[in-house]
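J.: 3D, please:
(one chain, ligands or ions: 1)
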Amino acid sequence: MTPLKTSVALRQEFCIETKPEPCGIVIFGASGDLAHRKLIPSLFRLFTRELLPREYYLLGCLTYGESPETDEGFRAAVRATLDAAASAKPEAQDAFLARCFYLPGDYRDPAFYVALRERTAVLDKDAGTGGNRLFYLAVPPSLQEPVVSSLAHAGLAGESGDGSRWARIVVEKPFGRDLASARELSEKLRTLLDERQIYRIDHYLGKETVQNIMMLRFANAMFEPVWNRENVDHVQITVAEAVGVEHRAGYYDRAGCLRDMFQNHMLQMLTLVAMEPPAGMEAEPYRDEKLKLMRSIRPFSKDPVVLDTWIARAQYGAGTVLGAPVPGYRQEPGIPPDSQTETYVALKVMIDNWRWAGVPFYLRSGKRLPRKVSEIAVTFKPVPHSVFGRLGAEHLAPNELVLTVQPEEGISLTIEAKQPGAKLCMGSLTLNLDYRSVFGEEPPEAYERLLLDVMLGDQTLFVRSDGVAAAWGILDSLLKTWEEGERCGKGCGLGFYEAGSWGPGGADELLALDGRAWRTP
Ligand code: BG6
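T.: Model (predicted):
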């Protein structure tokens, strides 16, 4: 297939870029991986783009024993992070660091929250934030509820009745381990906070190309008429990672790929591809529409046909990824040598509604695949009859629309067209829109958008509690079946794949049974 160059003419632009109200940003787990890899660099970029309010501060909370010991020590750690993230802009760094503060303590100790209340009161006054606070919980799941509860009991999560002073709490996944625990967590949070104060992050929703799904579908008249069972043959959603379990053995081995990637990112992307147009892009109509779609997804059941032919579950063995030998999952530090945790899942998902009845959505995600790539590929039905039989083209290749979420963000459309020349030749051409070459800059990190939205009080890109429950509801029975270890067909057994391959043979069979194959991204 020949890729064609794209030219872009921006005929008109519609933008909103609002600056948030003054606020203090408090990060629990400020020495952790998430804070240093994502949150701090994202806040710094917002700062350099003048998208943070002028009146703000960043207070990093750490548990005792974690270095550093002083504001200066914390600033040195932040500076090292910014240097490593190639954010070297010395003057901006100094100005950013001057607003960074630090508070050590034990998150389970009420005394910590007394200290936090006193410290934030002083910082609020000095910075002139008016008492607005954003609390980011970059903590293990076991601490989510205790921290929220302590914040509430210490009076730190209260808002003023007239809405002039707010407290917003950002919670990272996982939201529970299954439907029952997610409901329990939601119930507890509901007694402590209003839903409008809770921002459940799924960082995939902040990715540029994921946000673009809505614009592509609902700002262009040409896609919606063909976006349905009459015209779409099937959809493939792939999230492939080259990395292994990294240093997260403790969390990952308890979670596995289905909980880690499907309950959230994969189902969220599927929802955006398949949902009906919302009444508006405000948080509630948008999330209502997403919920409706989630509720139309057929939950995985114990049906032997489903378990046998709709699911592939596997773990990586040793192999070579990006030219380097890598160990198998069971040889990774901290992973039990007999671990049954899956690092790869492929599912066939059906949506029981008028638009999608009968159209399979194939979802796959895994670690230690050949390279990092996330994409959504919509394959259309072939033309009903080829008039090009004379060229030997009895069966024309179907059109394919591919949204590449990362790393080379873009959109491509494959069409059949005449090849230039006197001879009558036809072939597949790919029209490419490559974001970086067209817009000439790196798309912002998902966390930038999401952090900004929290400060702006916009919950559109955050998951509501009923959305979390609906996603667990789809997978709950499957998780139970796996945990019970019943003999229930291929979908239950753990397969293996070589690191650096595209996954287990079972995943290929899953499509082959439907006469299809995975596309190679
Ligand atoms: C996280 C998962 O939510 O997403 C990780 O816990 C995974 O296991 C990561 O590696 C992938 O995110 P991204 O943005 O790198 O595709």
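J.: need the contact list for the residue in the stretch 151-300 of the chain that the ligand sits nearest to.
T.: Going by CB to the nearest ligand atom, the ligand is nearest to residue 260 of the stretch 151-300 of the chain, at 4.7 Å. Placement of C-beta: from N, CA and C, glycine included. By CB atoms under 8 Å, 6 or more residues apart in numbering, the residues touching residue 260 are 174, 252.
J.: Looks to me like it is in a helix.
T.: Yes - per DSSP: H, G, I helix; E, B strand; the rest coil, residue 260 lies within a helix segment.
J.: Now for residue 437, how many residues are close by?
T.: Using other CB atoms under 10 Å, residue 437 is surrounded by 13 other residues.
J.: what element comes up after the strand or helix carrying it heading to the C-terminus?
T.: Taking DSSP states H and E as the definition, residue 437 sits inside helix 435-439. Moving toward the C-terminus from helix 435-439, the first helix or strand encountered (DSSP H and E) is helix 446-456.
J.: What are the buried residues along the following helix or strand past that next one?
T.: Using DSSP H and E, the helix or strand that follows helix 446-456 in sequence is helix 465-484. Buried residues in helix 465-484, counting neighbours by 16 or more other CB atoms under 10 Å, are found at 465-479, 481-482.
J.: Dihedrals phi and psi, residue 25?
T.: The phi and psi values for residue 25, taken as degrees, to the nearest 10, are phi -110, psi 120.
J.: what residues are up against residue 95?
T.: Applying CB under 8 Å, 6+ apart to residue 95 gives the contacts residue 47.
J.: now the helices for the stretch 51-200 of the chain?
T.: Along the stretch 51-200 of the chain, counting by DSSP state H, counting those that start in this stretch, helices occupy 71-84, 90-97, 110-127, 141-153, 179-192.
J.: Not counting sequence-adjacent ones, nearest residue to the spatially most central residue of the chain?
T.: The residue lying closest to the centre of the chain (CA atoms, centre = their mean) is residue 204, at 2.4 Å. Distances taken as CB to CB, 6 or more residues apart in numbering place residue 265 nearest to residue 204, at 4.1 Å, with adjacent residues excluded.
J.: Show the contacting residues for the one you found.
T.: By CB under 8 Å, 6+ apart, residue 265 lies in contact with 202, 204, 239, 365.
J.: So residue 242: helix, strand or coil?
T.: coil.
J.: Pretty sure it sits against residue 370.
T.: Yes - contact status for residue 242 versus residue 370: in contact at 6.9 Å, counting by CB atoms under 8 Å.
J.: ok, residue 131 - contacts?
T.: 124, 160, 165.
J.: mind redoing it with 7 Å?
T.: Counting by CB atoms under 7 Å, 6 or more residues apart in numbering, residue 131 touches 124, 165.
J.: phi, psi of the residue nearest to the centre of the chain?
T.: Here is the backbone geometry of residue 204 (degrees, to the nearest 10): phi -60, psi -30.
J.: most distant residue from the middle of this protein?
T.: Here the centre of the chain is the reference, and by CA atoms, centre = their mean the most remote residue is residue 422, at 48.8 Å.
J.: If we check the ligand, which of the contacts of residue 265 are in contact?
T.: Among the contacts of residue 265, proximity to the ligand is found for none (CB under 6 Å from any ligand atom).
J.: that older thread, next, show the common contact partners of residue 242 and residue 370.
T.: If you check residue 242 and residue 370 against CB under 7 Å, 6+ apart, the residues they both contact are residue 321.
J.: pLDDT value on the closest residue to residue 338 other than its chain neighbours, please?
T.: Of all residues beyond its chain neighbours, the one nearest residue 338 is residue 330 (7.2 Å), with distances taken as CB to CB, 6+ apart. What the model reports for residue 330 is a pLDDT of 98.
J.: Do I have it right that residue 330 meets residue 337?
T.: Yes - taking CB atoms under 7 Å as the definition, residue 330 is a contact partner of residue 337 at 5.1 Å.
J.: Can you tell me which residues in the chain are near the ligand?
T.: Looking at the ligand, the residues of the chain close enough under CB under 6 Å from any ligand atom are 203, 241, 260, 374.
J.: mind checking how far the residue nearest to residue 338 is from the ligand?
T.: Using CB to the nearest ligand atom, to the nearest Å, we find residue 330 at a distance of 18 Å from the ligand.
J.: same thing with residue 349?
T.: From residue 349 to the ligand the distance is 19 Å (CB to the nearest ligand atom).
J.: give me every residue that touches that residue.
T.: Contacts of residue 349 were listed using CB under 7 Å, 6+ apart, and they are 270, 297, 361, 363.
J.: Of those, which pair is most distant in space?
T.: 297 and 363 (10.7 Å; CB to CB).
J.: For residue 146, which non-adjacent residue is spatially closest?
T.: Setting aside the residues directly before and after it, residue 146 is nearest to residue 108 in space (CB to CB, 6+ apart), at 5.8 Å.
J.: and if you look at residue 399?
T.: Leaving out its chain neighbours, the residue that sits closest to residue 399 by CB to CB, 6+ apart is residue 380, at 4.4 Å.
J.: how about the strands in the stretch 301-450 of the chain?
T.: Taking DSSP state E, counting those that start in this stretch as the test, the strands found in the stretch 301-450 of the chain are 311-321, 324-326, 344-349, 361-366, 373-380, 400-406, 410-419, 425-434.
J.: Deepest in the core, which of the ones you listed is it.
T.: Compared across these, strand 344-349 shows the largest average neighbour count, a mean of 26 (mean count of other CB atoms under 10 Å).
J.: Do a quick rundown of the helices in the stretch 201-350 of the chain.
T.: With DSSP H, counting those that start in this stretch, the ranges of helices along the stretch 201-350 of the chain come out as 208-218, 249-257, 267-274, 283-296, 304-309.
J.: highest average neighbour count across those helices?
T.: Highest mean neighbour count among the helices of the stretch 201-350 of the chain (mean count of other CB under 10 Å): helix 267-274, with a mean of 23.
J.: Just the mean pLDDT for that helix, thanks.
T.: 98.
J.: So which elements touch it?
T.: On a contact count with 3 or more CB pairs under 7 Å, 6 or more residues apart in numbering; DSSP states H and E, helix 267-274 meets helix 208-218, strand 232-240, helix 283-296.
J.: can you rerun that using 6 Å?
T.: Under the contact criterion of 3 or more CB pairs under 6 Å, 6 or more residues apart in numbering; DSSP states H and E, helix 267-274 touches helix 283-296.
J.: quick one: the helix it packs on to helix 446-456, angle?
T.: Angle between the axes of helix 283-296 and helix 446-456 is 130 degrees (criterion: axes from the mean of the first three to the mean of the last three CA atoms, to 10 degrees).
J.: Need the residues that contact helix 283-296.
T.: Helix 283-296 is contacted by residues 271, 274-276, 278-279, 351-353, 459-460, 464, 466-467, 470 when judged by CB atoms under 6 Å, 6 or more residues apart in numbering.
J.: will you turn the strands of the stretch 301-450 of the chain into CSV that also has mean pLDDT?
T.: Converted to CSV, the strands of the stretch 301-450 of the chain look like this (pLDDT from 0 to 100):
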stretch, mean pLDDT
strand 311-321, 97
strand 324-326, 98
strand 344-349, 98
strand 361-366, 98
strand 373-380, 98
strand 400-406, 95
strand 410-419, 91
strand 425-434, 89
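J.: For residue 214, find the nearest of the ones you listed.
T.: Distance to residue 214, taken as CB to CB, is lowest for strand 400-406 among these, at 11.5 Å.
J.: neighbouring strands for that closest one, and are they parallel or not?
T.: Sheet partners assigned to strand 400-406 using DSSP bridges are listed as strand 373-380 (antiparallel), strand 410-419 (antiparallel).
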